[in-house]
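Trainee: Generate a structure from the sequence data that follows.
(2 chains)
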Amino acid sequence: MSGLPPEKTLIDDLLADQKKLFTPVADFADRHEREPDLAGHYRNLIPLSKPGPGEQYAFEVALDKCTSCKACVAACHSQNGLDENESWRDVGLLLGGDEAPGWQQTITTACHHCADPECLNGCPVQAYEKSSETGIVRHLDDQCIGCSYCIFKCPFDVPKYSKKRGIVRKCDMCHDRLAEGEAPACVQACPTEAIKIVKVNVAEKAKLGSRDMGWLNGAPPASITQPTTRYTGREVPTSAHAADHDDLTPEHAHWPLVIMLTLTQAAVGLFLGSLFLSPETRAHLTFSALSLALFSIGLVAATLHLGQPLKAWRFFLGLRTSWLSRELLAFTILGGFLTAPLLNHVPLPPPLGFLPSIINHPAFLAFSAGTALAAVFTSVKIYQTTNRRLWKSAITFPRFYGTVTLFILLTLATISPVASFGFVLAIIGKLALDLIQLRVPSLARERTIVTTALRPISLLRVVGVLGAALLLPFSPLAALPVLLLSELAERTLYFKAVRPLKMPGFLP
Amino acid sequence: MTISNKPKAISDLVKQHTQLHARTGPFTEELLRQPGKFGLGQVPAHLTPDSTTSSICGYCSTGCRLKVHLKDGQAVNLTPATNYPVNLGMACPKGWEALAVLDSPDRATTPLLEGRPVDWNTALDSFCDNFKSIQKQHGQESVAFISTGQITIEDFFLLGTFAKFGMGIKHGDGNTRQCMATAVTAYKQSFGFDAPPYTYADFEESDVLVFIGANPAIAHPIMWQRVMRNQRNPEIVVIDPRRTETAQVASRHVDLAPKSDLPLLYALAHCIIRDGRIDADSLARTEGFSEFKKFLKSYSPEAVSLKCGQTVAQIESLARLVSEPGKRVSWWWTMGINQSYEGTRTAQAIINLCLMTGNIGKPGTGPNSITGQCNAMGTRLYGNTSSLVGGHLFNKPEHREKVAKILNIDESRIPTEPGWAYDQIMDGIDRGDIKGLWIIATNPNHSWVAQKNFARLREKLDFLVVQDMYHNTETAKLADLVLPAAGWGEKDGTLINSERRLGVIRQVKQAPGQALTDYRIIQALADRWGDCEFVKQWPTPADAFQTIKKISAGQPSDITGIRDYDHLEQAGGIQWPCSKEQIADAESPLPSERRLFSDGNYYTPSGKAIFHFDHPSPLAEPTCEDYPFILLTGRGTSSQWHTQTRTAKSAILRKLYPQDCYIEINPDDANRLGIADRQTVTISSRRASIEALAYHAPTVKPGQLFIPMHYPDANKLTHASFDPHSRQPSYKYCAVQVG
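Mentor: A predicted model of the protein is given here:
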């Protein structure tokens, strides 16, 4: 037995010593400006001169040299001082071929600095810039409003949302390193020199349309954005597919967007329906007020999807290219039109006594109806232009305008039993269309998700809409919340079952 | 990283929100890069160093040097060192993330006794009281230790000498038994010493590189870098049942049937002798060739073709390739060879091929075992487990005398025979011979073959001490006492890499809480244990290093010529042997890359290399109707290390491997059994059943399954069989069913 320890023992000294940090041979003397130690290594991996007219910088990946060490991912993280789990480079796996044992290839991927970047086109506030000199697509972090639309738009899953900042961040090809003749972090770090920066002729690339220029089987089509990265060195079989190609993990619901889309479309439906009601009636007041209320809640919900809502006023900057900008403009105008009918129900001071005659004028009503339908059109375009299979026109148009139609018919049910009949037909039509569309072989994965992982939401959707149909003949107002719930479920499925376009990944 | 650029004033805030086009601002500033000086090029502005130092990476045996960026004396970042002959400015993700894993909430920060935090005095008393009382009751030999290849030479040295010469422990072994024991035994028997003969330049100097049971593309990416730098347009042959990452880029993939490597190698030797493609000069420096030649008679390609799953033509062609006159042929192996019930003879079959064809002692040649852990060779030489410290022999009186004299201890403290191997210690626990166990920096409750055994055996132990960086490793969770250890980056010392190169690791961070370096823990334990005055001769690792040098004198692994840590730093690491005489010879300074046996002299008593061979043994657990699949195990990805106690602590590394346990199954097998891609399946062996995601992998052949070793469930399935010479467990083949 050791007995009681003495007053001060070796362990106390050892603990005290452990707290001292003698960083040995700390090389302060070496602290001078000089050529980077790795310059000799990467000199051949970056172009000697800046891109000329019609050219831009691009990544070139030699597949035969890449052996899946993934140092590029770790180096990007460290050399750019990124967040704990953040890297602008990622790796995935392609599998294929007919031999046994078979073919596989690791795919390292960063931003492709596309010739026609959809992130840039879709950004409502011009937070993306494509350098005319280098072609590098840069994200302006302080301009970003955190709407995440670029994440939907990029076919390669490049921009990533930073929750703690409320903005997205992405690869900038280490533009300032390149400007000083230094290689990007991933290029510097690749032990086998598999990643290079080259100059590519943008015009030629666009003309040839991609695959011939070293694009990948098993990756999203190059035609959407004309990515400039070239994959060379090893033939990729046409059967190549991403290791995660049938991953069945549902996507994020994006609740603010689910609520915003459903409520604004319901509001448009109620508004359009109320146009057929006499302005003096209580029903007109009820449905006009409901329309404005749902629309307002929808817009408030939408702002919750923004990481930087106070910067959102810049939205008009993107009007030339961004459907999101156009949606915001359309909704702003629509807000006025949805407010107008309520003027019929408030006492107006004499100088404004002329207003009812304007707001009830058929031309005004037609114009406001047109605006409402156009606003929904902008919503459709936002999703339809992302090239995701579940969000294509044939699905998005019927779904969005279908919601509008249901709420029009719900409103009309107050004045005509025929509308109730129409409502039931519309429901059957909408459900049937969903079912038929999900049977398309190319949507097999989406169908599987809807019927397995998302089964409870699918059930809610169907039960809800049938419940609304049953309630409608008795009370449109009672049917309304049930229909709303069902439509929210439908829109949740729309977001959660979609398969985003992305570069090949690994197992989950 | 924290957001450090908070707006300074309301006016800034207003400006950020009212600018029409904000090209700068706090978010932009976070990502600014600026010249890092110190030859670094641009670095993140918030991580700009004020000084740098260097340290050898503490994961694998490649031994890359990392340049650690310091700010106010603490590490803030790192980059691979450029001016080092090993890694030439590169590192794999584990090296890049070496600092990240130190800041984990899972770090052990105080000693834990039965799960409760206690102070060090209590912990030291508990260690000494419990182990002493066990020894009193059950005999001196009833306490054992299991160490690792992950700590420094100085740590091993102090641990091994304190445990064996201070505590009187007889049985101690390292987890290197699980990875390198086979190569060690093969080299010892064939060459007379555990002496991997190569230097990394051989990767670049070779005409034919044969990787057998090795997947360096992901397991040793920085060695693979050297292969890719080979300018001789080499043939790269990969012998492996799976089409691994390395096989994907090889010029020839030999997809042999699992565990048919030994007959295949014998068949190659058969062809080479038959065709007279042997090197007489090389054979003159060997013993036992004529017996080997006779032995090989029955190993014609025709005789082994079926078993190996290779056609006669394929075998003949491979035999010609690896014996091409004038071509430099090098053989490289790792766990595919070592972790086998007949690994020693298989490794020696490779050695024999090299001896026969003269592919040894010359640039670009050699039977080359690539080591696993960062200091596996350090523990082999200085761990004082199976060999007496310094690569000496316990049963040689002159060795005991030499060591006792240098350590200033009574010779009677040195056991006269080696202790048990890992599996024998486990058997000892089972029999009740071992009652106390001290585990240092390893995780047998995850990694031990037929793992369930370990948890069962733990119940038979009266006292289990686990010394580790993390309090919640699978094994630490079972411990009576956890001793919190400082890790790589929090201590000084030396490591030896695969090519026999010694390098220095440095303290660049403060250890958390009351964690102490392994060295200090052992000092404190020795002090509390009593009657261990000799340990006080070495107050610091640098002091221990001087004694380690003295012990190496006269051994093949002589390092008496290395002055100190600074010498190692300045020289860019130094390979053994490096004797005083070699260093003193100013005429011929030691080149930075050296290989062994260029003079044809081996370390055996006769000076000649010896042919060792045996007929292949039957499979330990062949497949059958109930268990029709062969389960192969191995490395998953470059970002995973062993049982993941460290690599799972980095968010970046976690991104780079699948989070859930999975098996790879050939798509034809999967379709036949109706197993969908990513479906959860049950895999059963005679030991256990586990669940894992099935992953359709065309790279695995029908009838075989592959499971990465990093998931805790993997070793529940493996079969406990051992190589009779090296006592290394056979992890690579067992019979399972899937459904």
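Trainee: Which stretches in the stretch 251-400 of chain B count as strands?
Mentor: B:252-254, B:286-287, B:329-333, B:366-369 (DSSP state E, counting those that start in this stretch).
Trainee: Could you list the single helix or strand in chain A with the lowest mean pLDDT?
Mentor: helix A:202-208 (a mean of 66; mean pLDDT, DSSP states H and E).
Trainee: name the helices or strands packed onto the helix or strand just after that one?
Mentor: Downstream of helix A:202-208, the next assigned helix or strand under DSSP states H and E is strand A:230-232. Judged by 3 or more Cβ pairs under 8 Å, 6 or more residues apart in numbering or on different chains; DSSP states H and E, strand A:230-232 is in contact with strand A:55-62. The way it works is simple: take the backbone N, C-alpha and C, and place the C-beta from them, glycine included.
Trainee: Neighbours of A:Glu204, how many?
Mentor: A total of 11 residues lie near A:Glu204 under the criterion other Cβ atoms under 10 Å in any protein chain shown.
Trainee: So for the residue in the stretch 351-500 of chain A that chain B sits nearest to, what pLDDT did the model give?
Mentor: Chain B sits closest to A:Thr448 of the stretch 351-500 of chain A, with a gap of 10.2 Å, by Cβ to the nearest Cβ. Predicted confidence (pLDDT) for A:Thr448: 93.
Trainee: Kindly indicate whether the residue lying closest to A:Cys147 once chain neighbours are set aside is helix, strand or coil.
Mentor: Once flanking residues are discounted, A:Cys147 sits nearest to A:Leu306: 5.5 Å by Cβ to Cβ, 6 or more residues apart in numbering or on different chains. Put simply, A:Leu306 is coil when judged by DSSP: H, G, I helix; E, B strand; the rest coil.
Trainee: Can you name the residues that contact A:Leu306?
Mentor: The neighbours of A:Leu306, taking Cβ atoms under 8 Å, 6 or more residues apart in numbering or on different chains as the test, are A:145-147, A:166, A:312.
Trainee: If you rank those residues by neighbours, which is first?
Mentor: A:Cys147 (30 neighbours).
Trainee: For that one, give its distance to chain B.
Mentor: Distance, A:Cys147 to chain B, by Cβ to the nearest Cβ, to the nearest Å: 15 Å.
Trainee: contacting residues for residue 289?
Mentor: Answering for chain A, as no chain was given. A:Leu342 are the contacts of A:Ala289 under Cβ under 8 Å, 6+ apart.
Trainee: not what I meant, chain B
Mentor: Contacts for B:Phe289 (Cβ under 8 Å, 6+ apart) come out as B:283, B:355-356, B:611.
Trainee: out of those residues, which one sits closest to B:Arg672?
Mentor: Checking those against B:Arg672 with Cβ to Cβ, the nearest one is B:Met356 at 43.6 Å.
Trainee: State the number of residues packed around the residue nearest to the closest one when sequence neighbours are not counted.
Mentor: Nearest non-adjacent residue to B:Met356, counting by Cβ to Cβ, 6+ apart: B:Ile278, 5.0 Å away. Burial of B:Ile278 is recorded as 17 neighbouring residues (other Cβ under 10 Å).
Trainee: buried residues in stretch A:497-508?
Mentor: Residues A:497-507 are the ones in stretch A:497-508 that count as buried (16 or more other Cβ atoms under 10 Å in any protein chain shown).
Trainee: Just the mean pLDDT for that stretch, thanks.
Mentor: Stretch A:497-508 shows an average pLDDT of 89 in the prediction.
Trainee: ditto for stretch B:686-698
Mentor: 94.
Trainee: Helix or strand for B:Ile690, just tell me which one.
Mentor: Following DSSP H and E, one finds B:Ile690 within strand B:689-696.
Trainee: That strand: what's the following helix or strand?
Mentor: That would be, after strand B:689-696 and using DSSP H and E, strand B:704-708.
Trainee: Name the residues that touch that next one?
Mentor: With contacts defined as Cβ under 8 Å, 6+ apart, strand B:704-708 is touched by B:241-242, B:258, B:629-637, B:640, B:657, B:661-666, B:683, B:692, B:697, B:700, B:714, B:717, B:736, B:738.
Trainee: Could you tell me which strands sit next to it in the sheet, and their orientation?
Mentor: strand B:629-634 (parallel), strand B:662-665 (antiparallel) (DSSP bridges).
Trainee: now it and strand B:689-696, what's the angle there?
Mentor: If you take axes from the mean of the first three to the mean of the last three Cα atoms, to 10 degrees, strand B:704-708 sits at 110 degrees to strand B:689-696.
Trainee: Can the top helix by length along chain B be said to contact chain A?
Mentor: Criterion DSSP state H: the longest helix present in chain B is helix B:120-138. Yes: judged by Cβ under 8 Å from any Cβ of the partner chain, helix B:120-138 comes into contact with chain A through B:120-121, B:124-125, B:128-129, B:132.
Trainee: Turn those into JSON lines, including pLDDT.
Mentor: JSON lines is the format used below for those (pLDDT from 0 to 100):
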{"residue": "B:Trp120", "pLDDT": "97"}
{"residue": "B:Asn121", "pLDDT": "97"}
{"residue": "B:Leu124", "pLDDT": "98"}
{"residue": "B:Asp125", "pLDDT": "97"}
{"residue": "B:Cys128", "pLDDT": "98"}
{"residue": "B:Asp129", "pLDDT": "98"}
{"residue": "B:Lys132", "pLDDT": "98"}
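Trainee: is it possible to export the residues you listed to CSV including neighbour count?
Mentor: Below are the residues of helix B:120-138 next to chain A laid out as CSV (neighbours: other Cβ atoms under 10 Å in any protein chain shown):
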residue, neighbour count
B:Trp120, 23
B:Asn121, 18
B:Leu124, 25
B:Asp125, 19
B:Cys128, 19
B:Asp129, 15
B:Lys132, 17
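Trainee: where are the low-confidence patches of chain A?
Mentor: A:1-7, A:22-31, A:98, A:100, A:205-214, A:508 (pLDDT under 70).
Trainee: Can you pull up the most central residue in it?
Mentor: By Cα atoms, centre = their mean, chain A has its centre lying nearest to A:Phe152, at 2.2 Å.
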